[in-house]
Structures are given as C-alpha cells and as structure tokens.
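**Q** 3D, please:
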Amino acid sequence: MKTKPKKILNIGCGNTRIPGSIGVDRVAIPDFVDVVHDLDQVPYPFAKNSIDEIHMYHVLEHLHEPLRKIEELHRILKPGGTLYMRVPHFSSLGAFTDITHVRPFGYTSFDPLEPGHNHHYYTTVAFKILNKQIKYFGLYPNDGVYAQYIHPNQCVWFAKPFVRLFNFLIACSPVLFERIWCYWVGGAMEVVITLQKQET
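**A** This is a model prediction of the structure:
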C-alpha cells in the first residue's frame with residue numbers, strides 16, 4: 001500500500017523551500033510562498049487536525065501573543081504531529097536589536113505547554129517537548145531539514161571546536177548558563193525546540 005505523503009507547512013518561509021512543503025508567509029514571493037497570510041492573524045487558513053509537520057524558524061519572535069499562535073498551530077496539527085521551531089535566545093545580540101522583534105525567549109519559555117507543568121493553566125492545549133536546546137551559534141552545527149534547506153552550515157574552521165565546546169557546556173546546565181555566564185561569552189544565538197501535539 002502506498003504511503004500517503006505528509007502534509008508539511010513551512011510557516012514564515014520567506015525565500016526558503018522545504019521540498020514537499022506548503023510555504024506560508026505574509027508577502028507573496030514567487031516560487032517560495034504558496035499561501036499568503038498575515039501570521040499575526042488567527043485562524044490560519046488550514047483545517048483542524050490537517051497538518052503532519054510544521055517548520056517555523058525565527059518567526060514567533062515577530063508575532064504578538066505567541067502563546068495564542070502556538071495554540072493555533074496545535075489546532076491545525078494532526079494528533080501526534082510535530083512542530084519544529086527556532087527562536088532567538090534572550091542573550092543574543094539580535095534578540096533586542098531587530099526592530100521587528102516583539103520578544104525573545106529562554107530555555108524554559110515553552111515548558112508550560114506540557115500538561116505536567118505547574119503553569120500549564122496558561123493554555124488549553126498540550127504538547128510534549130521532544131527536544132530543547134540552547135545553541136551558541138545558530139549556523140553551526142546543524143543537520144537535517146534546517147541545514148539542507150534553510151541555512152547551510154557556516155562557520156570558519158578555527159571556530160568550530162569552540163562552538164562545539166560552548167554547546168556542550170551550555171547543555172550541561174542551561175539554567176546555570178542563563179543565570180550566570182551567558183553574557184560572558186557574548187550570548188547564545190537561539191533556542192531550538194521540537195514539540196509533539198498531545199490530545200487534551
């Protein structure tokens with residue numbers, strides 16, 4: 001039996017194209033944007049429980065009421081569907097210097113989305129956090145869809161060991177990094193988060 005292809009959204013795609021995906025953005029860019037929609041306005045033009053996978057890279061920080069937008073993504077995802085996001089870490093230079101940014105994020109920003117969290121009452125939807133990390137340098141190292149279709153790995157050779165070392169040290173205690181030493185090394189670039197839709 002032939003497997004039905006996944007329905008994939010690349011929300012805030014800009015001029016990137018993930019093969020087999022539907023590109024969604026507020027500006028019509030030929031060959032990249034398939035659906036034009038103001039991402040600050042909900043509902044999004046997709047049916048409930050209709051999407052298998054959503055990629056949303058460096059978009060959420062531009063939107064007002066980010067929790068409301070995540071709830072909308074939950075609505076259109078199929079049960080068990082996956083949401084891949086990257087957002088600027090609060091210690092990064094670009095977090096506050098980009099005039100279009102509404103807010104940055106931290107390591108625990110998305111924790112209330114899990115049902116067992118003591119602030120889960122913020123929302124009526126539920127996600128399981130499959131992956132969460134602070135990345136020191138967003139363009140390296142990366143793999144998978146992000147490296148292949150969004151941003152290829154870019155880092156001068158002599159900096160690669162230091163980037164990997166900082167990522168390792170951050171991962172040892174992300175909370176300690178945020179509370180004490182994030183600004184000692186010029187800040188981290190982004191938070192990478194993978195969420196899986198749970199039924200409530």
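
**Q** quick one, longest helix in this protein?
**A** In the chain, assigned by DSSP state H, the helix with the most residues is helix 160-172.

**Q** That helix packs against which elements?
**A** Other helices and strands packing on helix 160-172, by 3 or more Cβ pairs under 8 Å, 6 or more residues apart in numbering; DSSP states H and E, are strand 126-135. Every residue, glycine included, has its C-beta placed from N, CA and C.

**Q** quick one on the thing from earlier: can you mark which positions in the very next helix or strand once past the longest helix of the chain are buried?
**A** Downstream of helix 160-172, the next assigned helix or strand under DSSP states H and E is helix 174-176. With burial defined by 16 or more other Cβ atoms under 10 Å, the residues of helix 174-176 counted as buried are residue 174.

**Q** Let me see the mean pLDDT of helix 174-176.
**A** For helix 174-176, mean pLDDT is 97.

**Q** do the same with stretch 97-104
**A** For stretch 97-104, the per-residue pLDDT averages 94.

**Q** Repeat that for stretch 56-76.
**A** According to the model, stretch 56-76 has a mean pLDDT of 98.

**Q** What is the distance between that stretch and the centre of its chain?
**A** Put simply, stretch 56-76 sits 9 Å off its chain's centre (Cα atoms, centre = their mean, to the nearest Å).

**Q** quick one: low-confidence ranges for this protein?
**A** By pLDDT under 70, the low-scoring segments of the chain are 1.

**Q** Quick one: residues contacting the spatially most central residue of the chain.
**A** Taking Cα atoms, centre = their mean, the centroid of the chain lies closest to residue 85, which sits 1.3 Å from it. Taking Cβ atoms under 8 Å, 6 or more residues apart in numbering, we find residue 85 in contact with 56, 57, 59, 60, 192, 193, 194, 195.

**Q** Test of understanding: give the bridge partners of it.
**A** residue 56, residue 193 (DSSP bridges).

**Q** again, but for residue 128
**A** residue 196.

**Q** my guess is it contacts residue 199, does it?
**A** No - checked against Cβ atoms under 8 Å, the pair residue 128 and residue 199 is beyond contact range at 10.8 Å.

**Q** higher neighbour count, these two?
**A** Set side by side, residue 128 and residue 199 show more neighbours around residue 128, with 14 against 7, by other Cβ atoms under 10 Å.

**Q** For the closest residue to residue 126 other than its chain neighbours, grab the count of nearby residues.
**A** Distance criterion Cβ to Cβ, 6 or more residues apart in numbering; nearest residue to residue 126, sequence neighbours excluded, is residue 198 at 4.0 Å. Residues lying near residue 198 (other Cβ under 10 Å) number 15.

**Q** measure residue 198 to residue 90 for me?
**A** Distance of residue 198 to residue 90, computed by Cβ to Cβ, to the nearest Å: 27 Å.

**Q** And residue 29, by the same measure?
**A** Distance, residue 29 to residue 90, using Cβ to Cβ: 30 Å.

**Q** Which one's more surrounded, these two?
**A** Each of residue 29 and residue 90 has its neighbours counted (other Cβ under 10 Å); residue 90 has more, 18 against 15.
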